[in-house]
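Peer 1: prediction below, plus the sequence it came from.
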Amino acid sequence: MTHEKLSMAQALNRALHDEMAADPTVLMFGEDVGPLGGVFRITDGLTATFGEQRCFDTPLAESGIVGMAVGLAMNGMRPVVEMQFDAFAYPAFEQVISHVAKMRNRTRGRVALPMVIRVPYAGGIGGVEHHCDSSEAYYAHTPGLHVVAPSHPSDAYALLRASIASPDPVVFLEPKKLYFVKDEVDTTEEQPPIGTAVVRREGTDATLIAYGPSVPVALEAAAVAAQEGRSLQVVDLRSIVPFDDETVCAAVRSTGRAVVVAEASGFASVSSEIVARVTERCFHSLAAPIRRVTGFDIPFPPPKLEHFQLPGVDRILDAVDDLQWEYP
């Protein structure tokens, strides 16, 4: 086994490199992803290694980028596109909803679209509203799309390779604030399938359910809780669609209490769906109603107010305190 200490950005770059080296049908394109290597340097060196025919810049036209990827995927290629920032992807939304998500169904399974839409997303970098959206609910609500959100460099590597290999389209959400967090990555191990959650920390008193950028915050809250004598379990979804009901529900049943942590606004959100699914499946195992700690239902605030919007340790532990209430 080969372990390397890589940042999430480096792990994503390595995954792209390894897939492009293994499969000549894999292409990478988007705004400034060529010689520059992208805003966050995720594609750094790919043009130099594989040439301008396989990693190249496009015009500033997100709808055109995704539309071109649809045509390429229909004709035997495996395109990977970058949307540069989360809210920049909205001009391509019609292409994603009307064509990317529906092509397999529209053709009765005869035409698949093996393509990946990479979206740097969520807050934590002090960006303004068009650079810090949490847009996962739009994609998760759309049948025909897989939606994944890694929280760890190792998962970023493995999930991106699995997404590129998938016969179906994947929206790959990359937490911007975690791009430069480093950890050990095994680039030789078998990739976990999309749709598999993992327990990041064992615990007995309550279960924290998180994904993407919220996982490190949940782990930090669990560490602080341990100093206070409480044992919190942390589940990392990794994949929003497909959703791993088995792992999540087993974790909640083991503690009887749960808090869902997510940066996105709470109303009509992925966190809402998680609460509904877990309540339906674990109702008789719950000692208290499931709590949520989410962003507020407002447009993303200016940088100096960002820390109020994003879930933090104190808000998570307050929600855990609520779970201790006695109910008649």
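Peer 2: Perfect, I can see it now.

Peer 1: okay, CA-based contacts and neighbour counts for the rest of this
Peer 2: Noted.

Peer 1: gap between the residue sitting nearest the centre point of the chain and L219?
Peer 2: With distances taken as C-alpha atoms, centre = their mean, the residue of the chain nearest its centroid is A149 (1.3 Å). Taking C-alpha to C-alpha, to the nearest Å as the criterion, A149 is separated from L219 by 16 Å.

Peer 1: the residue nearest to the centre of the chain touches E174, doesn't it?
Peer 2: Yes. Between A149 and E174 there is a contact under C-alpha atoms under 8 Å: 6.2 Å.

Peer 1: which residues do the two both contact?
Peer 2: In the contact map built from C-alpha atoms under 8 Å, 6 or more residues apart in numbering, the residues linked to both A149 and E174 are G212.

Peer 1: mind listing what the residue nearest to the centre of the chain touches?
Peer 2: F172, L173, E174, P175, Y211, G212, R238, S239, I240.

Peer 1: need those residues in a markdown table (columns: neighbour count and secondary structure).
Peer 2: Converted to a markdown table, the contacts of A149 look like this (neighbours: other C-alpha atoms under 10 Å; DSSP: H, G, I helix; E, B strand; the rest coil):
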| residue | neighbour count | secondary structure |
| --- | --- | --- |
| F172 | 27 | strand |
| L173 | 26 | strand |
| E174 | 26 | strand |
| P175 | 27 | strand |
| Y211 | 25 | coil |
| G212 | 27 | coil |
| R238 | 27 | coil |
| S239 | 24 | strand |
| I240 | 23 | strand |
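
Peer 1: look up how far M77 lies from A15.
Peer 2: Using C-alpha to C-alpha, A15 is found at 17 Å from M77.

Peer 1: and if you look at E129?
Peer 2: Noted for E129: a distance of 34 Å to M77, by C-alpha to C-alpha.

Peer 1: cool, E94 as well?
Peer 2: When C-alpha to C-alpha is the yardstick, E94 and M77 sit 21 Å from each other.

Peer 1: who has more neighbours, those two?
Peer 2: Between E94 and M77, counted using other C-alpha atoms under 10 Å, the more crowded position is M77 (19 against 13).

Peer 1: right, and the more buried one touches M20 too?
Peer 2: No. Under the criterion of C-alpha under 8 Å, M77 lies out of contact with M20, with a separation of 11.4 Å.

Peer 1: what touches both of these two?
Peer 2: Between them, M77 and M20 have V26, L27 as joint contacts when contacts are counted by C-alpha under 8 Å, 6+ apart.

Peer 1: mind listing the helices for the stretch 51-200 of the chain?
Peer 2: When secondary structure is read from DSSP state H, counting those that start in this stretch, the stretch 51-200 of the chain shows helices at 62-74, 93-95, 103-106, 136-140, 153-165.

Peer 1: and among those helices, the most buried is which?
Peer 2: Most buried of the helices of the stretch 51-200 of the chain, by mean neighbour count (mean count of other C-alpha atoms under 10 Å): helix 153-165, with a mean of 24.

Peer 1: where's the residue nearest to K304 when sequence neighbours are not counted relative to H307, distance?
Peer 2: Leaving out its chain neighbours, the residue that sits closest to K304 by C-alpha to C-alpha, 6 or more residues apart in numbering is G126, at 7.4 Å. Applying C-alpha to C-alpha, the value for G126 to H307 is 9 Å.

Peer 1: same question for E228.
Peer 2: Computed as C-alpha to C-alpha, the E228 to H307 distance reads 24 Å.

Peer 1: neighbour count for those two, which is higher?
Peer 2: Neighbour comparison, E228 and H307: the larger count goes to H307, with 14 against 9 (by other C-alpha under 10 Å).

Peer 1: can you tell me, leaving aside adjacent residues, what's nearest to that one?
Peer 2: Using C-alpha to C-alpha, 6+ apart, the closest residue to H307 is G124 (8.0 Å).
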